[in-house]
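[1] With the sequence up front, the predicted model follows.
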Amino acid sequence: MSHTMVIFGASGDLTSRKLIPALYRLFQQGRLPTPTRIVGVARSPFTNEEWRNQLAVTTAKFAKHDFTPESWAAFSENVFYQSGDIATDEDFVQLKGLLDTLEANAKTTRVYYLSTMPQLYAPAITQLGKAGLADDSAGERRVVIEKPFGTDLATSRSLNDSIHKVFREDQIYRIDHYLGKETVQNMMILRFGNTIFEPLWNRNYIDHVQITCAEEVAVGRRGGYYDKSGILRDMFQNHLFQLLMITAMETPVRFNADIVRDEKVKVLRAVRRFQGSDYSESCIRGQYNGYLKEEGVPADSQTETFATLKLLIDNWRWKGVPFYLRSGKALSCRTTQIVIQFKEPPHLMFGGNRRVSPEANRLVIQIQPAEGLQLFFQSKIPDQEMNMRLSELDFRFDTGGRELPDSYQRLLQDALNGDASLFARSDEVEQAWQIIDPIMSAWRSPAAPSLAPYDVGGWGPEASTDWMKRDGRQWFDVCPVIQ
Ligand code: BG6
């Protein structure tokens, strides 16, 4: 079956850094459907040859040792460029002409990838509709939309409304690159491909869950964007909530896009909405020292670069189990991990008056950059009486020495093959905004909890450590060692 991927925003960073290297690797591995044409669209006036030459340089840089001039030559034969402006109807008519010529009337699946500035998503979709490019009588038509999907509930609804005028929901693929990570997908295998975890995965055995996405990098040159966004929009509404849903969802009956997403969205529906004192007590907001001097950041900015939220899920499985979500820039190290902290045994018969380690079982799911699991449990200290110590079972993804594939590889392949399981559905996105919006507004009001400063290179504000202590718990502040 013939396929075409049309990338709008072809001269942008994402296209050269992620999309083309991912498509190129898929091609090398024989995983791209044959033939797959790639058509880039942007305003700059390139010829096919000029665009291919530019991409050869960037792909050699980003695909690193996978790049060979021979396979690039074969891949790039199917790479084309069409200059065009999203505001100009005529450019879409020309694009249609080019696609019809390239596809030569063969039944073709077309995937339109919107990697433009977010404010152009709705106009681009409208133009696709007007030019007849969404008409699926000659083959399937899908549209992939990059993040951010709106900046709040109202804007995401209005974007959904605009898209739904042209494409059906089953044609829409909203990207969250966290879902393309192998270790995130492994969460589903861990939970639903084993029998030993599921019986314990509930309020009877789990004390609390911690989901941390720590980044060592600061905002760098993205200050202008970041200051308008802040960490709740940039990381929580999408990536952390995806991890929350996968950790907390019920078992889907099949691995099918709608069935999996039905279960995921139920989690967000069950998240207890903040009210009253929750806006100050169930969260911490922080800003790293030095943020105000970053390029593009106003000197009096109140934007948070660190946040924690304590969420409760009101259903039978999770009633009373807090989910602590935390993310921040300029922290000690880059680590994304999910900690399942089990309860202590109800009665400890070992140790007598001697000191015993009271630490209960803990399962740490390392998403990145370490990729694996650690299970902490008590064992006997050899050659002593019945004294125990915390021990660790360690699992690392065995990739045979190869790097795990970039998320975009998996996501682009799924978009081409029509599998939307790892993409966000409209109700998921809207539920997520319904949780985030009131918190954002409370944090932008005069009654907002104070913005706690923190030093670069630590684990966020001290207030965050104290906040956990007040709950009788502590953060798992460990940078994974990668072997
Ligand atoms: C992006 C955010 O969506 O995710 C960035 O805009 C953040 O601010 C990035 O750095 C983190 O992604 P990853 O895959 O590096 O954890």
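    Structure received.
[2] nearest spatial neighbour of G223, skipping sequence neighbours?
    G296 (3.3 Å; Cβ to Cβ, 6 or more residues apart in numbering). Placement of C-beta: from N, CA and C, glycine included.
[3] Let me know the distance separating the residue of the chain found nearest the ligand from A415.
    Residue nearest to the ligand within the chain (Cβ to the nearest ligand atom): D234, separated by 4.7 Å. D234 is 23 Å from A415, where distance means Cβ to Cβ, to the nearest Å.
[4] Equivalent analysis for T155, please.
    Per Cβ to Cβ, T155 is found 23 Å from A415.
[5] Looking at these two, which has the bigger crowd around it?
    Legend: neighbour count by other Cβ atoms under 10 Å for T155 and A415, higher for A415 (23 against 16).
[6] three-state assignment of that one?
    Taking DSSP: H, G, I helix; E, B strand; the rest coil as the rule, one finds A415 in the helix state.
[7] Was I right to think it contacts V144?
    Yes. Contact status for A415 versus V144: in contact at 5.1 Å, counting by Cβ atoms under 8 Å.
[8] tell me the contacts of the residue nearest the centre of the chain?
    Closest residue to the average C-alpha location of the chain: Y178 at 2.8 Å, with Cα atoms, centre = their mean. Taking Cβ atoms under 8 Å, 6 or more residues apart in numbering, we find Y178 in contact with V184, N238, H239, Q242, L243, S407.
[9] Please verify my assumption that the third one contacts T212.
    Which is H239. No. H239 is beyond contact range of T212, at 11.5 Å (criterion: Cβ under 8 Å).
[10] returning to what we had before: burial measure for the residue nearest to G223, as a count.
    15.
[11] ditto for L159
    22.
[12] could you say what helices and strands the helix or strand hosting it packs with?
    Assigned by DSSP states H and E, L159 belongs to helix 153-164. When contacts are defined as 3 or more Cβ pairs under 8 Å, 6 or more residues apart in numbering; DSSP states H and E, helix 153-164 packs onto helix 121-130, helix 426-443.
[13] Format those helices as CSV; extra columns: distance to S162, mean pLDDT and mean neighbour count.
    Listed next are those as CSV, based on distance: least, Cβ to Cβ, whole Å; pLDDT from 0 to 100; neighbours: other Cβ atoms under 10 Å:
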stretch, distance to S162, mean pLDDT, mean neighbour count
helix 121-130, 4, 98, 20
helix 426-443, 12, 97, 20
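[14] Of all those, which one is nearest D170?
    helix 426-443 (11.0 Å; Cβ to Cβ).
[15] what inclination does that closest one have with respect to helix 153-164?
    160 degrees (axes from the mean of the first three to the mean of the last three Cα atoms, to 10 degrees).
[16] separation between E263 and L244?
    Taken as Cβ to Cβ, the span from E263 to L244 is 13 Å.
[17] ok, those two, which is more surrounded?
    Between E263 and L244, counted using other Cβ under 10 Å, L244 has the larger neighbour count: 25 against 17.
[18] In contact with the more buried one, which residues are there?
    I211, V267, L311, F323, L325.
[19] Please identify which helix or strand holds L14.
    helix 13-14.
[20] So that helix, near the ligand or not?
    No. On the criterion Cβ under 6 Å from any ligand atom, helix 13-14 is out of touch with the ligand, staying 10.8 Å away.
[21] Need the contact partners of that helix.
    For helix 13-14, with Cβ under 8 Å, 6+ apart as the criterion, the contacting residues are S115, E146.
[22] Mind listing the shared neighbours of A415 and V144?
    V111, Y113, Y173, F423.
[23] surely the last one meets R174?
    Yes. Proximity of F423 to R174 meets the contact threshold set by Cβ under 8 Å, at 5.4 Å.
[24] picking that back up, of H239 and T212, give the one with the bigger neighbour count.
    T212 (25 against 22).
[25] partner residues bridging the more buried one?
    R326, Q337 (DSSP bridges).
[26] Up against the ligand, what does the stretch 301-450 of the chain have?
    Residues of the stretch 301-450 of the chain lying near the ligand (Cβ under 6 Å from any ligand atom): T336.
[27] Listing request: residues of the stretch 301-450 of the chain with sub-threshold pLDDT.
    Under the criterion pLDDT under 70, the flagged ranges of the stretch 301-450 of the chain are 351-358.
[28] Going along the chain, name the strands of it.
    Counting by DSSP state E, counting those that start in this stretch, the stretch 301-450 of the chain has these strands, from start to end: 306-311, 323-328, 335-342, 362-368, 372-380, 388-396.
[29] could I get these as JSON lines with mean neighbour count?
    Listed next are these as JSON lines, based on neighbours: other Cβ atoms under 10 Å:
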{"stretch": "strand 306-311", "mean neighbour count": "24"}
{"stretch": "strand 323-328", "mean neighbour count": "24"}
{"stretch": "strand 335-342", "mean neighbour count": "22"}
{"stretch": "strand 362-368", "mean neighbour count": "21"}
{"stretch": "strand 372-380", "mean neighbour count": "16"}
{"stretch": "strand 388-396", "mean neighbour count": "13"}
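[30] which residues touch I125?
    If you count contacts by Cβ under 8 Å, 6+ apart, then I125 has L114, V143, S162, I163, K165, V166, F167 around it.
[31] typed the wrong thing, it's L416
    L416 neighbours (Cβ under 8 Å, 6+ apart): H3, M5, L32, P33, T36, T109, V111.
[32] Which helix or strand contains the closest residue to the fifth one other than its chain neighbours?
    On the basis of Cβ to Cβ, 6+ apart, the spatially nearest residue to T36 that is not a chain neighbour turns out to be H3, at 4.4 Å. Assessed by DSSP H and E, H3 sits inside strand 2-8.
[33] Give me the packing partners of that strand, helices and strands only.
    strand 36-42, helix 89-103, strand 108-114, helix 407-417.
[34] Give me the angle between the longest one and strand 2-8.
    With the same axes, to 10 degrees as the basis, helix 89-103 and strand 2-8 are set at 150 degrees to each other.
[35] Show residues contacting helix 89-103.
    Here helix 89-103 has contacts from 2, 4, 6, 37, 39, 41, 80, 82-85, 110, 127-128, 130-133, using Cβ under 8 Å, 6+ apart.
[36] one more time with 7 Å, if that's ok
    2, 4, 37, 39, 41, 80, 82, 84-85, 127, 130-133 (Cβ atoms under 7 Å, 6 or more residues apart in numbering).
[37] same deal with the first one?
    Contacts of strand 36-42 with the rest of the structure, by Cβ under 7 Å, 6+ apart, involve 3-11, 15, 23, 51, 78-84, 95, 98-99, 102, 416.
[38] Most neighbours among the contacts of helix 89-103, which one?
    Neighbour-wise, these (other Cβ under 10 Å) top out at V41, 27 neighbours.
[39] what's across from that residue in the sheet?
    F8, Q82.
[40] that older thread, buried subset of the contacts of I125 as a PyMOL selection?
    With 16 or more other Cβ atoms under 10 Å as the criterion, this PyMOL line picks the buried residues out of the contacts of I125:
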select buried, resi 114+143+162+163+166+167
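[41] got a markdown table for the contacts of I125, with pLDDT and distance to S445 too?
    Formatted as a markdown table, the contacts of I125 follow (pLDDT from 0 to 100; distance: Cβ to Cβ, whole Å):
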| residue | pLDDT | distance to S445 |
| --- | --- | --- |
| L114 | 98 | 33 |
| V143 | 98 | 37 |
| S162 | 97 | 30 |
| I163 | 97 | 32 |
| K165 | 98 | 35 |
| V166 | 98 | 37 |
| F167 | 98 | 37 |
